[in-house]
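# The following block contains a protein sequence and its predicted model.
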Amino acid sequence: MQKKILDILLNSNHFISGQEISDMLGVSRQAVWKAVNSLREEGYEIESVTSKGYRLVSSPAHLNEKRLKSLLKTKIIGKNLIVLDSVGSTNDYLKRLGSEGCENGTVAAAREQTKGKGRLGRQWQTKKDDGIAFSVLLKPNISPSEVSSVTPLAGLAVCKALREFTGLDCFIKWPNDVIVGNKKLVGILTEMSAEFDAVEYVIPGIGINVSHTSFPDEIAYKATSILLETGRHIDQNELLACVLLHLENEFLKTNLELTPSVKEEYTKMCATIGREVTFKRGTRRISGTAVGISDKGELEVMLSDGTICVVNSGEVTVQGIY
């Protein structure tokens with residue numbers, strides 16, 4: 001009921017009477033009034049004038065399931081959409097749904113994440129409505145060895161979406177961050193469930209810093225937000241709808257493969273390429289120059305003796321970034 005009334009208000013640029021809405025939906029005017037009040041409680045500003053009816057003035061800028069659904073232009077990703085007020089981790093939430101057989105392309109997003117996860121077991125937390133935390137469940141027909149392409153494809157999609165939506169000059173820091181200048185704007189964590197040589201599901205989880213005005217001291221030197229970079233408050237639903245469309249485009253057009261054209265595009269947007277990097281190999285710390293990305297999404301590093309070393313995991317420090 002609420003979604004149907006919201007759709008009517010969104011598609012009308014003038015007042016529409018309660019009687020007209022009740023006739024369209026086959027419900028009482030009292031039911032319309034209750035639904036409008038429920039929408040107001042969710043943050044929608046709806047003007048009501050006697051003898052004229054209702055008019056939508058503004059929608060909530062924070063994540064809202066009804067608003068987000070009205071903006072989605074995807075065919076698969078987000079067809080099954082869940083927006084949570086608060087959750088421990090959107091990745092963990094989708095893992096539970098994945099084990100119960102939820103459909104391909106299911107998206108779980110949250111206004112607040114209390115036990116968010118980063119790489120290497122780190123925690124990623126944010127205040128309510130400061131950031132966008134969401135995860136996508138994919139059921140690709142690929143082997144576990146092919147899953148490594150998901151993170152770079154997600155990074156490319158998010159980077160392109162942020163450039164389009166915010167105008168910021170975003171780049172990718174291999175393997176799982178999107179940056180502005182030398183500061184982190186987005187983190188990506190991909191997890192999967194597999195049996196033998198078959199992938200049951202893959203879940204890329206993505207966190208975007210949106211409205212943060214400050215960060216804890218230990219990460220303040222390397223973190224930023226859209227608000228800090230642009231000075232603008234944005235509609236998180238519009239941004240997430242844009243990101244999900246780019247994710248679907250990248251995932252579908254490549255069938256989760258790093259094709260030559262995608263690798264070329266990724267390389268142009270990867271701030272890591274051409275810089276000196278340092279990584280660990282066992283107990284040794286090794287330095288070299290990042291020169292490319294492999295077909296599996298690994299970082300190719302040229303050492304001082306000219307040999308190419310392939311890095312597929314672990315912490316990588318990039319000169320001039322972090």
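It's in.
# who are the neighbours in contact with residue 136?
Residue 136 is in contact with 77, 94, 105-107, 203-204, 206, 244, 247, counting by CB atoms under 8 Å, 6 or more residues apart in numbering. C-betas here are computed from N, CA, C, even on glycine.
# meant to ask about residue 181, not that
With contact set as CB under 8 Å, 6+ apart, residue 181 has these partners: residue 224.
# longest single helix anywhere in the chain?
Counting residues, the longest helix in the chain under DSSP state H turns out to be helix 236-254.
# Name the next helix or strand downstream of that helix, please.
helix 260-269 (DSSP states H and E).
# which strands and helices sit next to the longest helix of the chain?
If you count contacts as 3 or more CB pairs under 8 Å, 6 or more residues apart in numbering; DSSP states H and E, helix 236-254 packs onto helix 65-71, strand 131-136, helix 150-166, strand 198-209.
# Would you mark the buried spots in it?
Under the neighbour-count criterion of 16 or more other CB atoms under 10 Å, helix 236-254 has 236-237, 239-248, 250-251 buried.
# for the residue nearest to the spatial centre of the chain, what are its contacts?
A centroid search over the chain (CA atoms, centre = their mean) returns residue 206, at 4.4 Å, as the residue closest to the centre. Shown in contact with residue 206 (CB under 8 Å, 6+ apart): 132-136, 154, 158, 186-188, 243.
# how about 6 Å then?
Contacts for residue 206 (CB atoms under 6 Å, 6 or more residues apart in numbering) come out as 134, 188.
# Quick check: beta-bridge partners of it?
Residue 206 has the following beta-bridge partners by DSSP bridges: residue 134, residue 188.
# looking at this, residue 37 is in a helix?
Yes. Counting by DSSP: H, G, I helix; E, B strand; the rest coil, residue 37 is part of a helix.
# what about it, neighbour count?
11 (other CB atoms under 10 Å).
# go on, the one 5 residues further on?
Residue crowding around residue 42 was assessed by other CB under 10 Å; the count is 15.
# Please report the distance of it from residue 111.
12 Å (CB to CB, to the nearest Å).
# Identify the residues contacting stretch 81-96?
So stretch 81-96 is in contact with 63, 65, 69, 107-112, 114-117, 133-135, 137, 191, 203, 205, going by CB under 6 Å, 6+ apart.
# rerun that using 8 Å as the cut-off
Contacts of stretch 81-96 (CB under 8 Å, 6+ apart): 63-65, 68-69, 72, 102, 106-117, 128, 133-137, 189, 191, 193, 203, 205.
# in the chain, which segments are predicted with low confidence?
117-125 (pLDDT under 70).
# all helices of it, in order?
Here the chain has its helices, by DSSP H, at 2-10, 18-25, 29-41, 65-71, 90-99, 150-166, 226-230, 236-254, 260-269.
# which of the ones you listed sits most buried?
Greatest average neighbour count among the helices of the chain goes to helix 150-166 (a mean of 22), per mean count of other CB atoms under 10 Å.
# what distance separates it from the centre of its chain?
9 Å (CA atoms, centre = their mean, to the nearest Å).
# Show me what it is packed against.
With contacts defined as 3+ CB pairs under 8 Å, 6+ apart, the packing partners of helix 150-166 are strand 170-173, strand 177-180, strand 183-195, strand 198-209, helix 226-230, helix 236-254, helix 260-269.
# mind checking which of the ones you listed is nearest residue 311?
Of all the helices and strands packed on helix 150-166, the one in closest proximity to residue 311, counting by CB to CB, is strand 170-173 (13.3 Å).
# Which single one of the buried residues of helix 236-254 is nearest to residue 46?
Residue 46 lies nearest to residue 237 out of those, by CB to CB, at 16.8 Å.
# which residues does the closest one contact?
Per CB under 8 Å, 6+ apart, neighbours of residue 237: 59-61, 63-64, 67-68, 71.
# Sounds good, over and out.
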